[in-house]
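Colleague: sequence-free structure coming up:
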Ligand SMILES: O=C[C@H](O)[C@H](O)[C@H](O)COP(=O)(O)O
């Protein structure tokens, strides 16, 4: 069961959290299990402070009595545990399936370590089967979409409940169907060159560790060589 694989990976990652740490809380159905496990350990006496990558994760953390601190009080984040939509052998990622990629990237960029937790379906040889989420400002988004299409993808504005999905930041998510991505760094640079693009879901060279849970109950750990 995928659910059990996700939980296995998440529980394994949470073992790395120690007293006194500042912890980044990821977003999504796998990060959910990490937050629940952190809540369990906090109830047992673990002393940490946390920051969240989405309103949803913050609400979950608060409900579990995990101390959330304002970003202004945080210099660096010791470790962030987050999920991913795809991860390749170099630990490059596609994230943003839940629409939280911007806050996730901001938090990851200020984290000493980024641990990704996933079930085995997320590991790929080459990124791109999962459409790349791109956060776009609503203003003139039709023009931004044309520039995205010119990069060789089919851009689709994400919908939710029959209306355009909005991120926690009030922006749109455009799911870009590129197919196999052969030059992740080049694509990342091209996306950043488009005015109107706030951020993209390629996390290149950011993850330190990938913990994959398998349906037979085993865990595989990949560590970045960077
Ligand atoms: O925006 C959402 C995040 O990037 C998630 O971490 C990602 O979509 C993976 O989510 P899940 O663990 O639910 O597959």
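Modeller: It's in. What you see is a predicted model; the values in this text were computed from it and never measured.
Colleague: so is whichever strand in the chain runs longest next to the ligand?
Modeller: Taking DSSP state E as the criterion, the chain has its longest strand at strand 111-119. No. Using Cβ under 6 Å from any ligand atom, strand 111-119 never reaches the ligand; the gap is at least 6.8 Å. Any C-beta I mention is one placed from the backbone N, CA and C, and that applies to glycine too.
Colleague: whatever helix or strand comes next after that strand packs against which elements?
Modeller: With elements assigned by DSSP states H and E, the helix or strand that comes after strand 111-119 is strand 132-136. Packing partners of strand 132-136 (3 or more Cβ pairs under 8 Å, 6 or more residues apart in numbering; DSSP states H and E): helix 101-109, helix 141-149, strand 172-177, strand 197-200.
Colleague: what's the closest of these to the ligand?
Modeller: helix 101-109 (5.3 Å; Cβ to the nearest ligand atom).
Colleague: which residues make contact with that closest one from outside it?
Modeller: Helix 101-109 is contacted from outside by 24, 26-27, 51, 53-54, 77, 80, 82, 95-96, 114, 133, 135, 167-169, 171, 198-201, 203, 206, using Cβ atoms under 8 Å, 6 or more residues apart in numbering.
Colleague: show the buried residues in those.
Modeller: 24, 26-27, 51, 53-54, 77, 80, 82, 95-96, 114, 133, 135, 167-168, 171, 198-201, 203, 206 (16 or more other Cβ atoms under 10 Å).
Colleague: list the beta-bridge partners for the residue nearest to residue 69 when sequence neighbours are not counted.
Modeller: Sequence neighbours aside, residue 49 is the residue nearest to residue 69 in space, at 4.5 Å (criterion: Cβ to Cβ, 6 or more residues apart in numbering). Taking DSSP bridges, one finds residue 22 as the beta-bridge partners of residue 49.
Colleague: count the neighbours of residue 49 for me.
Modeller: 16 (other Cβ atoms under 10 Å).
Colleague: tabulate the helices and strands packed on strand 132-136 in CSV, adding columns for mean pLDDT and distance to residue 58.
Modeller: Compiled in CSV, these are given as follows (pLDDT from 0 to 100; distance: least, Cβ to Cβ, whole Å):
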stretch, mean pLDDT, distance to residue 58
helix 101-109, 98, 10
helix 141-149, 98, 27
strand 172-177, 98, 19
strand 197-200, 98, 19
